[in-house]
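> The following block contains a protein sequence and its predicted model.
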Protein chains: 4
Amino acid sequence: MDNSSSDHDSQPEVVSNIFTERFTEFNDDGTFKNELVEHTIETEATVPKLGLMLVGLGGNNGSTLVAGLLAHKNQVTWESKTGVHTPNYYGSFTQCGTTKVGIKKLPKGGIKDVYKPVKDLLPTINPTDMEVTGWDISKDNLFEACKRSHVLEPDLVNKLESDLSQIVPMKAAFNPEYIAANQSDRVDNILEGTNEEVIELIRADIRNCKERNEKVIVLWTANTEMYLLPELETIEDLEKAIKDNVSLPASVLYCVAAIKEQVLYLNGSPQNTFHPGVLALAEKEGGLLGGNDFKSGQTRFKTAMSDFLIGAGLRISSIVSYNHLGNNDGKNLSEDKCFQSKKISKSGCLDDAIEGNEILYPRDGKDIDHDVIIRYIPFVGDSKRALDEYSSKIFMDGVNTISTYNICEDSLLAVPIMIDMVVLGELFSRMKVDGKAFGPVLSYLSFFFKAPSTNHPEYVINSFNRQRETIVNLLKAASGITPDDATLLSFNY
Amino acid sequence: MDNSSSDHDSQPEVVSNIFTERFTEFNDDGTFKNELVEHTIETEATVPKLGLMLVGLGGNNGSTLVAGLLAHKNQVTWESKTGVHTPNYYGSFTQCGTTKVGIKKLPKGGIKDVYKPVKDLLPTINPTDMEVTGWDISKDNLFEACKRSHVLEPDLVNKLESDLSQIVPMKAAFNPEYIAANQSDRVDNILEGTNEEVIELIRADIRNCKERNEKVIVLWTANTEMYLLPELETIEDLEKAIKDNVSLPASVLYCVAAIKEQVLYLNGSPQNTFHPGVLALAEKEGGLLGGNDFKSGQTRFKTAMSDFLIGAGLRISSIVSYNHLGNNDGKNLSEDKCFQSKKISKSGCLDDAIEGNEILYPRDGKDIDHDVIIRYIPFVGDSKRALDEYSSKIFMDGVNTISTYNICEDSLLAVPIMIDMVVLGELFSRMKVDGKAFGPVLSYLSFFFKAPSTNHPEYVINSFNRQRETIVNLLKAASGITPDDATLLSFNY
Amino acid sequence: MDNSSSDHDSQPEVVSNIFTERFTEFNDDGTFKNELVEHTIETEATVPKLGLMLVGLGGNNGSTLVAGLLAHKNQVTWESKTGVHTPNYYGSFTQCGTTKVGIKKLPKGGIKDVYKPVKDLLPTINPTDMEVTGWDISKDNLFEACKRSHVLEPDLVNKLESDLSQIVPMKAAFNPEYIAANQSDRVDNILEGTNEEVIELIRADIRNCKERNEKVIVLWTANTEMYLLPELETIEDLEKAIKDNVSLPASVLYCVAAIKEQVLYLNGSPQNTFHPGVLALAEKEGGLLGGNDFKSGQTRFKTAMSDFLIGAGLRISSIVSYNHLGNNDGKNLSEDKCFQSKKISKSGCLDDAIEGNEILYPRDGKDIDHDVIIRYIPFVGDSKRALDEYSSKIFMDGVNTISTYNICEDSLLAVPIMIDMVVLGELFSRMKVDGKAFGPVLSYLSFFFKAPSTNHPEYVINSFNRQRETIVNLLKAASGITPDDATLLSFNY
Amino acid sequence: MDNSSSDHDSQPEVVSNIFTERFTEFNDDGTFKNELVEHTIETEATVPKLGLMLVGLGGNNGSTLVAGLLAHKNQVTWESKTGVHTPNYYGSFTQCGTTKVGIKKLPKGGIKDVYKPVKDLLPTINPTDMEVTGWDISKDNLFEACKRSHVLEPDLVNKLESDLSQIVPMKAAFNPEYIAANQSDRVDNILEGTNEEVIELIRADIRNCKERNEKVIVLWTANTEMYLLPELETIEDLEKAIKDNVSLPASVLYCVAAIKEQVLYLNGSPQNTFHPGVLALAEKEGGLLGGNDFKSGQTRFKTAMSDFLIGAGLRISSIVSYNHLGNNDGKNLSEDKCFQSKKISKSGCLDDAIEGNEILYPRDGKDIDHDVIIRYIPFVGDSKRALDEYSSKIFMDGVNTISTYNICEDSLLAVPIMIDMVVLGELFSRMKVDGKAFGPVLSYLSFFFKAPSTNHPEYVINSFNRQRETIVNLLKAASGITPDDATLLSFNY
């Protein structure tokens, strides 16, 4: 049976494949039925010209992303203490990740696995083909921004000076009530006006970008805002708050503007931008959302560790996570009200791991002692440090203790993930399953977020491995390749 | 469609299920075919009375296993510095691990995952129902052995004294040429004779055990032996070496005895017991083998870490693994010739991770700088310490460094894995796929071994996640549950 | 010149020695004078019968101290997982520390250092000769307290049961306003009454103890209280607050009672018990004080590390100190107001190191980024964890990073220090320099405290090495041995 | 009493001070005498023009030292990822260390410590005034050497290019039998000839250097050589071996040349250059020696840690030290025979700490389990990693465990120590005590060496604090300042 109808060479309009999903459905009495459900997955094959608009263009993430893509485009090499370097996309799941797509029989007998880069399963944008633009509360150009960020080597930034210095952020929406006071000395590039006026100015910027590109994505990579309470429960609440010029965090204004312009809005910070009213608006207006909070460092590591430890039958009993960093994100988070947003987004990441194992975590028993601390230590700059301690109960109540010290490099880990979510977000917006587009939330982007937002809030996956499997299997199915069940039975394994 | 023909309540003779394996087969030109292959998986439903025979019964692993099972059987509680304890199987994948078996629809809409303990997917032995016996080069009874090992709390060992002190190891095969000289002061319980005589004595012990049990498994958990060179390439080589009374390591004698008695032989140490001649003998005589070297600590952690890092698109560039331990295993390994066996079994664990990603590890490029060190430090006793450093290249040649300090508790991590391999090894010996039994090597036990032996030496999986998935999917398929493809497409995820 | 007039064998009334102190005094213009000042140091040679009264007798420190001393007295041995143990005083500077007292000429030429135990330089109490008693807000006897604390091995505690269960704390002063609310469920043993009444009740307890002993010391090892503000600036403020029954923390009542009874009061917690008004009262009434906050773990390590790094010419640029613990101290500190006391006592420990080096820390330049975090993690119990990161600038602005992971065992490190401060506090109260007794503050006890209180608040030493040298040199001088100047010039070194 | 006869302003020929050394001498029966011994310490006040000749000029240490001094001299600033930098001497005890020299009385009462930079206690050379030259087995100029070493930032090295590229190492003595085979591809700049010829060529180079400078110091900072056995026991053995052209390691030839030219020879590597025959020759010929093996990283840290832990009365029970590095030193050490030299020099560093405390380490009891491992991991380059674990027994046989992870930066820590030993070595060669010069070994340089060589091999100090105190007290005494005895008795402390 060869059910792949796609043919990448001739570039058809649509890659269409039929995929038989398998799962088992249980009844309350423990009986079950194995289901086989056919789905048609269609993917528009033509990769559009994409405009990526960053909120926080001049921040460490924004400026590093722009400089990194320019280095790729211009094939710049540069020198550091350790030698001469060429650009790479290490840390990008789409650009550097691979997945097993099948097996190959060997001439002398036996088999061999076949792997494929994730980015090649379906037509995806090349990151260097994007136009990257955006807003920032500081009007420093991107050369100045790169110098300020202390992320990339000076030799590289200097070689990119002529390109970088021409990129100047657009004026940004800004509400000081939601940001730490210590950010005020960066602020010199602000959109003025009522909520409605600011939303309209942002929409105009987006429309402008649309004129030069076939598709636009807005990505928030700016400061963490404080939690907005009370939540905006309905579209009416939201619209009234906008109309009455209630003090709203900038992120809500950007998100509403993106929804109205029907462009994908990705939220890289932990604040609660996606209020019920905002989600309802997105559904009504055909907006697309993805979030929240880039999962690049300690939390991602933690979900991999809990996969491993609990997966091995060990009872994790406490996890203590200490972080410190010295970049502007850390400075902003050093104000307690902003840190609360971060803490909430980091704390839920073990929930599904615990719920999946009632032997280790009986419903009426004790949970994991879990604590997360973030501190601002200027000296370490963007080189974020994560110190974790995992204590697990082992056989006969012994204890296994793992202490980890992780030098994370905050922005260099975040940027490839930003690239991934843009590449896949763009791809997902070209896909239909059984005739229906994804949305309003792109749940499949959960992999990249600390506090994943999904269309089914009762069902959230945090496990690194399950999230990864979900994406690669979706991509394989959409490209006509059967996701493997790993049993190897046909090979007398 | 409800294709589960099993009915656990009425205990049928055989659980039989049809499973449609899915995989994709590639041709050399990159074209592929999605395959659906039906298999019938039959499992004898009756769990036999099992006799487990340990080589090294009085060692730290052996004595801890026996005492742990007695504590479960007698429902002993005991006191330590941190309070009162009850027995558990933490760290056992079969006894404490769970797996997602499907979903359940919620009354108000949405779905929920359904999990099941691994041990309940098919009928498996209850560890406390086993008879545990075995051989040791020291004739100390198991109460003395537990005291000597410093693994379990004294209050527990004291409460088990009357049971433990009645268990005395049988005389063991022993060849000092393959063991560190520092072991000599333990030796007072030795089988004397030629190779042929010793094999016959071991066979007699096995037959004896068979009289009291329906099935027998032999598990090597004794000292690491030095590598045997030249390898025994054929059955003839092996038989000649036995006959000519060539100096052979004890493990080969035990293994040959087990093969001749057609009982499963599991190798928990790194030495090369499974020579080509031994494998051929097992195939010819209907023997069953599994090995090599328990994967309980640092190596298991390392394969989970490389799954995670490479899976995230990061380029691991160096891994340095330092270990020290102070138990008798460490003492034996402190002799260089024994350590070589260990080092070899630890070094290959990254091979498949590297081969699976040509973007990060181009065929002509540099590999991972990988080093493994083990040292003997009496003070730490059985509380093995593992210090690892993982250095990865990240975006734009930044570097992410993770330093881990792991207090492992050697035997408490190993014993649950010994239980797992016995439980699953016993189960696998009751299973048939398309009418054929597994063997001579139980490749599906790879999950538990540092240097997995399989029937297809060209195809070895070290990845913690893939190994785990392979086992649970096999068990699900055998029990009539469809392994999930994780895409969640039917749920508008 | 043999200037030792003491003769330990015949036990004279007073050990009297003349010591010529050396120091250099600088003028503002940089000129200096080397001073030689003769002092007579007299020490009463008879060691009194001592009664030690602990505030917090049933806490982890208190119960561990009592059980530890009983084990020594009764020469109890006990079994743990790692073997059989006998009592020791490891971690006690007086009982296990030694100091170089001089040299010995070798018969074949050359010299050899001569060392002496610190406790043997002058007559000091034997810890097992003390009567230990005290107060606690819980009336559990000390057997119950030891079981609750999870500090000592059960075998040891069980063997001491008959002795321990007879020791029941006296009713304690208690003011819930200064303690975390989470402590309330321990409270069942409280002194009731006005400030004046409670002080009188405590004094009666002290007088009672005096009847059985020649000398009494009161040591606060109870919960950290919240800071008391406004401070009690004068004796009048203090007396008015007592009289008006203003809500005062219990520690002030204990301290006032001790002063009035002229017994030494040692403060092992960080709260500001020693207000100016309290110090003035002590001076007026002939009271003796020592404090604040036992320096047993991370802070002590930190002052040794800064001695080392700055002493080597390295510029420490940031120190981040994370702690977590799960004992009752941690539980109480988890309330923010109590943690503030702790944080203040931990933060000043680098001040003298920085002030001593203007090359590395110019007066107008940047300081050390220094942060201290303490968290409550029940799982780790009394086994306190300290994770520190030291970042230092090195040659040509390179960076040296040291990350440390420290498993501290809170009470087992604190108790020997409690013993030290009692042994030395008792000794210092028998000493006179030039006819004058020490006090009202025993500045020489600084070595044992995180936030040392001295008679000269403008001059505080935190350096581990300098503090240690100060004590041993004082003891040597008092015992007639010349403190060494380490130059070794006479030996053609 | 003002006994300082020095007056730095008028630059007398000789700074002469009388110092009364104090120490206590014990007899075998435990009685003691306090000694006061007057010494006259004379220091030539004129700082000579110094020529520093490095063996291994083009290695990482050599090239970093030269570039660092040039940066100071030319006041170069440079840019790295973290900003703009100016040269510093951080890590140099002489240039950045301070010492308390006395006290100052405060106008309002109380005292204040007075500190002085170590380098200002007596006239010392300014490092930038030295001429640095030397030998290397590679003829790469120092610009190439700096690029190859990957130690300093490229911006700095590039700015120094014109100066650095003019410095070319002289041809070096080389004996491949004593060096790892993997070094052979660096070798293109070799002195050819018999032992006698090579010594004469080196002497000619030294004389040459003497013509341009008033004093010359030779410093070995080249590869670690393998141990030379049998040792050269007498001058005759040495002279015979030279004459007979026995294969000798290069270091012996350099050392003999330096002795014959009467210039100070400092040995920065662990090999046993200072054979008894070499020491005897130095004594006979008036040579000066200092060594062995720079104590810059883990060993120095370890002696500070053992000072701290044992000083606090804790019983260190095991120390495990793992190192890895990727520079050429590591590559050379990866050959076992060279590593043996290193291991020996690292292992003795705890001896004096143990000998000083018979309570913790009874003569007939167990010692510290101590192990040292060094591995070659190319990826980490010059950024040496040290992972240590310190386990100490604490009160009642509890255990305190400290695990440290140290990113050392090998050359950046070594170079300031090289500067220190040159600055102080030069100073010590201008000093006389009671009319006698130091030598033939400069024992006072012990502070800087892992395996200190002294004139009294039976008496070696490894303690970081004692070594430091010995030097600063010598310098204070020589400059007329009384070393403080820290008792503070005159200040009613």
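Nice, thanks for sending it over.

> what domains does the record give for chain A?
As given by automatic domain parsing, the domain ranges for chain A are A:50-95+A:122-295+A:411-478, A:298-407.

> Could you check the helix or strand of chain A with the lowest mean pLDDT against chain C for contacts?
In chain A, no helix or strand scores lower on mean pLDDT, DSSP states H and E than helix A:336-347, which sits at a mean of 75. No - contact between helix A:336-347 and chain C is absent, the nearest approach being 11.1 Å (criterion: Cβ under 8 Å from any Cβ of the partner chain). The way it works is simple: take the backbone N, C-alpha and C, and place the C-beta from them, glycine included.

> and whichever helix or strand comes after that helix, what does it pack onto?
Scanning the chain past helix A:336-347 towards its C-terminal end, the next helix or strand to appear is helix A:351-355 (assignment: DSSP states H and E). Applying 3 or more Cβ pairs under 8 Å, 6 or more residues apart in numbering or on different chains; DSSP states H and E, we find helix A:351-355 packed against helix A:298-311.

> So the helix it packs on, near chain C or not?
No - Helix A:298-311 is not in contact with chain C by Cβ under 8 Å from any Cβ; minimum separation 13.4 Å.

> So in that sheet, which strands flank the next helix or strand after that helix, and in what orientation?
Scanning the chain past helix A:298-311 towards its C-terminal end, the next helix or strand to appear is strand A:315-325 (assignment: DSSP H and E). When sheet partners are counted by DSSP bridges, strand A:315-325 sits next to strand A:369-376 (parallel), strand A:385-394 (antiparallel).

> TSV for the domains of chain A, including distance to B:Asn462 and mean neighbour count?
What follows is those, written out as TSV (distance: least, Cβ to Cβ, whole Å; neighbours: other Cβ atoms under 10 Å in any protein chain shown):
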stretch	distance to B:Asn462	mean neighbour count
domain A:50-95+A:122-295+A:411-478	15	21
domain A:298-407	14	21
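
> Quickly, which of those bottoms out on average pLDDT?
When these are compared on average pLDDT, domain A:298-407 comes out lowest at a mean of 90.

> so who does the residue of the stretch 51-200 of chain A found nearest chain B touch?
Scanning the stretch 51-200 of chain A for proximity to chain B using Cβ to the nearest Cβ identifies A:Gly102 as nearest, at 3.1 Å. Contacts were defined as Cβ atoms under 8 Å, 6 or more residues apart in numbering or on different chains; by that measure A:Gly102 touches A:Asp113, A:Val114, A:Ile481, A:Thr482, A:Asp484, B:Phe23, B:Thr24, B:Glu25, B:Phe26, B:Phe32.

> For the last one, give its distance to chain D.
When distance is defined by Cβ to the nearest Cβ, to the nearest Å, B:Phe32 is 37 Å away from chain D.

> what sits opposite the closest residue in space to that residue that isn't next to it in sequence in the beta ladder?
Counting by Cβ to Cβ, 6 or more residues apart in numbering or on different chains, the nearest residue to B:Phe32 once its immediate chain neighbours are dropped is B:Phe26, at 4.6 Å. Going by DSSP bridges, B:Phe26 is paired in beta bridges with A:Lys104, B:Phe32.

> Tell me how many other residues surround B:Phe26.
Around B:Phe26 there are 19 other residues, counting by other Cβ atoms under 10 Å in any protein chain shown.

> picking up where we left off before, TSV for the strands paired with strand A:315-325, including distance to A:Leu333?
Formatted as TSV, the strands paired with strand A:315-325 follow (distance: least, Cβ to Cβ, whole Å):
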stretch	distance to A:Leu333
strand A:369-376	6
strand A:385-394	14
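
> What residue, apart from its backbone neighbours, is nearest A:Asn267 spatially?
The spatially closest residue to A:Asn267, leaving aside those adjacent along the chain, is A:Gly291, at 3.2 Å (Cβ to Cβ, 6+ apart).

> Do I have it right that the one you found meets A:Gln271?
No - under the contact definition of Cβ atoms under 8 Å, A:Gly291 does not touch A:Gln271, with a separation of 9.4 Å.

> for the residue lying closest to A:Trp220 once chain neighbours are set aside, what are its contacts?
Across the structure, with Cβ to Cβ, 6+ apart as the measure, the residue nearest A:Trp220 apart from its sequence neighbours is A:Val55 (4.5 Å). If a contact means Cβ under 8 Å, 6+ apart, then A:Val55 has A:Gly134, A:Trp135, A:Ala172, A:Val218, A:Leu219, A:Trp220, A:Thr221, A:Ala222, A:Ala250, A:Ser251, A:Tyr254 as its contacts.

> Repeat that for A:Pro276.
The contact partners of A:Pro276, by Cβ under 8 Å, 6+ apart, come to A:Glu231, A:Leu232, A:Glu233, A:Thr234.

> Would you tell me which residues of the stretch 201-350 of chain A are close to chain B?
Residues of the stretch 201-350 of chain A lying close to chain B by Cβ under 8 Å from any Cβ are A:Arg300, A:Phe301, A:Ala304, A:Met305, A:Asp307, A:Phe308, A:Gly311, A:Ala312, A:Gly313, A:Leu314, A:Arg315.
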